[in-house]
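Colleague: okay, predicted coordinates and the sequence, questions at the end:
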Amino acid sequence: MVSTGSTNESFEYAPAPESRGIVDIKASYGLFIDGKFVDGRGEAFKSVNPATEEVLAEVSEANEADVDAAVKAARKAQRGWARMPGAERAKYLFRIARIIQERSREIAVLESIDNGKPIKESRDVDIPLAAAYFFYYAGWADKLEYSGFGSTPLGVAGQVIPWNFPFLMLSWKIAPALACGNTVVLKPAETTPLTALLFAEICQQADLPPGVVNILTGAGSTGQALVSHPDVDKVAFTGSTAVGRAIAQSVAGSEKRVTLELGGKAANIVFDDAPIDQAVEGIVNGIFFNQGHVCCAGSRLLVQESVAEDVLERLKRRMGTLRLGDPLDKNTDVGAINSAAQLSRIRELSAVGEEEGAERWSAPCELPSNGFWFPPTLFTGVSQAHRIAREEIFGPVLSVLTFRTPAEAVAKANNSPYGLSAGIWTEKGSRILQVASELRAGVIWANTFNKFDPTSPFGGYKESGYGREGGRHGLEAYLR
Ligand code: NAD
């Protein structure tokens, strides 16, 4: 029951779910190689809706022979694609971008069903941004000589992406690669393959020459076969630091070029002069957007001691209003955790937080009985040595630490093996500049959080990886 506020009346909550009718999920899917869907030679696996545990489809697991076939198709297509005038390549990218816009509702609904993220995020963030990346890199295709990185493509790119932003990460990988004249073999994550397969249909619809984009579904062994294939010139990986490290070792000593976009443990720093209500919105956006399955999530809140009590009180109040539930409901703020495995990792690390002596508070909300769910949660009394302050939880869990001076805030923020992103909340422009210049993070937001734009490079320091995606800098990874 929700009170209307102005009168004593109250009303039942009325769900507003987006219709699922727009998506056509097939019972089973093959692999997309050389412009066609073909049967995979490996075992099939199931993709599951994490909000209901319903099996959505059977998907092929590509084996080594499939990887080889896809790399061969990409190699065969590469010369023609690279020789095509940039302005012609651009037309394909513009066409793909427009089709993404035209089919955006369908892609967004499918993304929310397969991933568990709220429809308002897939509809308003993931899919419009994916189209924007294709539009942006389409514009570069005939201007590569002005990029500062030359205009010679690397060749065939093997690309492996995670499950947290399946369609958006695909666009980050494929758009710059194609604009530069490379061809690609992309492997989506095993729990979220469906929108990548829909993208394969979009490539057909755009009449993209066969072999320019190949999509292989499968798990870690498929990814491993792809990145270690001898005829792949470039490896682009987004995922966990552990797998990134293994990939870096496996390609060491080869001619392959590598970019790694890995984990993070961002500090979101709130100074005492910050506009507190806006900061609270930024903290909520920083850690509860996409259930906290965000590499640059603001998972460590550093709040100045003098305002800590006030900030925490307002934050808890705001967390109490977050609506958790059906990802397809347009009012949902927090959707499902992507998989049973991820849920158990979140539970495990949260239990460690309590064992280490931090105090746990979870927003009072009812969790659906089916599917994978975790309530928005914060930990206070966290020290820097705690595992919940050091390790990536990759879920809706915030660790709160306090500081007294700007120097202490910077020292605590930098005391992390990661260095992907950070947030600063203060009224003083001079303080923003000073603190930002001392933070070891690839992306720093001031008085906002989780803002993305195709013109802006994104990437990390230290264990967050190397290389940049987005903007002019993102071209460097795909040019010789
Ligand atoms: P993961 O590393 O387990 O999996 C990522 C992808 O790698 C999947 O497609 C998986 O099948 C594949 N893979 C697994 N083992 C492999 C191997 N040995 N060789 C090649 N490929 C292999 O990560 P995840 O759990 O899917 O994703 C979450 C992680 O991704 C988090 O750590 C998060 O911070 C990170 N991430 C980083 C960014 C960024 O831009 N820095 C963006 C999104 C996610």
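Modeller: Cool, got the structure. Residues are numbered from 1 along each chain as shown.
Colleague: up against the ligand, what does this protein have?
Modeller: 160-164, 187, 189-190, 219-220, 223-224, 227, 238-240, 243, 246-247, 261-264, 295, 392, 394, 420, 460, 464-465 (Cβ under 6 Å from any ligand atom). C-betas here are computed from N, CA, C, even on glycine.
Colleague: out of the residues you listed, which are buried?
Modeller: Buried by 16 or more other Cβ atoms under 10 Å: 160-164, 187, 189-190, 219, 223-224, 227, 238-239, 243, 247, 261-264, 295, 392, 394, 420, 460, 464-465, out of those.
Colleague: before we move on, back to that, so which of the residues of the chain next to the ligand belong to helices?
Modeller: Those of these mapping onto helices are Gly220, Gly223, Gln224, Val227, Val243, Ala246, Ile247, per DSSP state H.
Colleague: so what pLDDT did Glu12 get?
Modeller: pLDDT recorded at Glu12 is 80.
Colleague: all numbers from here: first residue = 35
Modeller: Sounds good: first residue 35 from here, last item Glu46.
Colleague: and the pLDDT for the closest residue to Val261 other than its chain neighbours?
Modeller: In space, and not counting its chain neighbours, Val261 is closest to Val269: 4.7 Å by Cβ to Cβ, 6 or more residues apart in numbering. If you check Val269, the pLDDT there is 98.
Colleague: now the angle from the lengthiest helix in the chain to helix 254-261?
Modeller: As assigned by DSSP H, the longest helix anywhere in the chain is helix 98-117. If you take axes from the mean of the first three to the mean of the last three Cα atoms, to 10 degrees, helix 98-117 sits at 40 degrees to helix 254-261.
Colleague: for helix 98-117, buried residues please.
Modeller: 98, 100-109, 111-112, 115-116.
Colleague: and the angle from the helix or strand following that helix to helix 98-117?
Modeller: Using DSSP states H and E, the helix or strand that follows helix 98-117 towards the C-terminus is helix 120-136. Relative orientation of helix 120-136 versus helix 98-117 (the same axes, to 10 degrees): 120 degrees.
Colleague: tell me how far helix 120-136 lies from the chain's centre.
Modeller: 23 Å (Cα atoms, centre = their mean, to the nearest Å).
Colleague: what's next to it, contact-wise?
Modeller: 115, 141, 161-162, 164-166, 168-169, 171-173, 175-178, 185, 205, 209, 212-213, 215, 236-237, 239-242, 246 (Cβ atoms under 8 Å, 6 or more residues apart in numbering).
Colleague: once you drop chain neighbours, what's closest to Pro196?
Modeller: Pro196 sits nearest to Gly273 (Cβ to Cβ, 6+ apart), 4.6 Å away.
Colleague: so, low pLDDT: which residues of the stretch 335-484 of the chain?
Modeller: Applying pLDDT under 70 to the stretch 335-484 of the chain flags no residue at all.
Colleague: care to break the chain down by domain?
Modeller: 54-296+498-510, 301-487 (automatic domain parsing).
Colleague: could I get the ones you listed as a markdown table with distance to Phe45?
Modeller: Below are the domains of the chain laid out as a markdown table (distance: least, Cβ to Cβ, whole Å):
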| stretch | distance to Phe45 |
| --- | --- |
| domain 54-296+498-510 | 21 |
| domain 301-487 | 13 |
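Colleague: so which strand or helix has Val93?
Modeller: strand 89-94.
Colleague: which residues sit in contact with Asp102?
Modeller: His263.
Colleague: what's the pLDDT at it?
Modeller: Looking at Asp102, the pLDDT reads 98.
Colleague: follow-up on the earlier one: what about the residue nearest to Val261, how many residues nearby?
Modeller: The burial metric for Val269, expressed as a neighbour count using other Cβ atoms under 10 Å, is 24.
Colleague: do Tyr452 as well
Modeller: 28.
Colleague: same check, this time on Trp395
Modeller: Count around Trp395 with other Cβ under 10 Å applied: 17.
Colleague: that one against Gly415, yeah?
Modeller: No: contact criterion Cβ atoms under 8 Å: Trp395 and Gly415 do not qualify, at 10.6 Å.
Colleague: mind putting the ones in helices among the residues of the chain next to the ligand into TSV with pLDDT?
Modeller: As requested, these are exported to TSV (pLDDT from 0 to 100):
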residue	pLDDT
Gly254	97
Gly257	98
Gln258	97
Val261	97
Val277	96
Ala280	94
Ile281	95
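Colleague: so which of those residues is the closest to Lys60?
Modeller: Gly257 (23.4 Å; Cβ to Cβ).
Colleague: surely the closest one and Lys221 touch.
Modeller: Yes: counting by Cβ under 8 Å, Gly257 touches Lys221, with 5.2 Å between them.
Colleague: tell me how far the closest residue to Asn97 other than its chain neighbours lies from the ligand.
Modeller: Computed as Cβ to Cβ, 6+ apart, the closest residue to Asn97 that is not its neighbour in sequence is Gly76, at 3.9 Å. To the ligand, Gly76 is 13 Å away according to Cβ to the nearest ligand atom, to the nearest Å.
Colleague: ok so Gly76 is a helix residue?
Modeller: No: using DSSP: H, G, I helix; E, B strand; the rest coil, the assignment for Gly76 is coil, not a helix.
Colleague: tell me the contacts of it?
Modeller: Here Gly76 is in contact with Ser94, Glu95, Ala96, Asn97, Asp100, Gly252, Thr256 (Cβ under 8 Å, 6+ apart).
Colleague: now do 10 Å
Modeller: 65, 94-101, 250-253, 255-256 (Cβ atoms under 10 Å, 6 or more residues apart in numbering).
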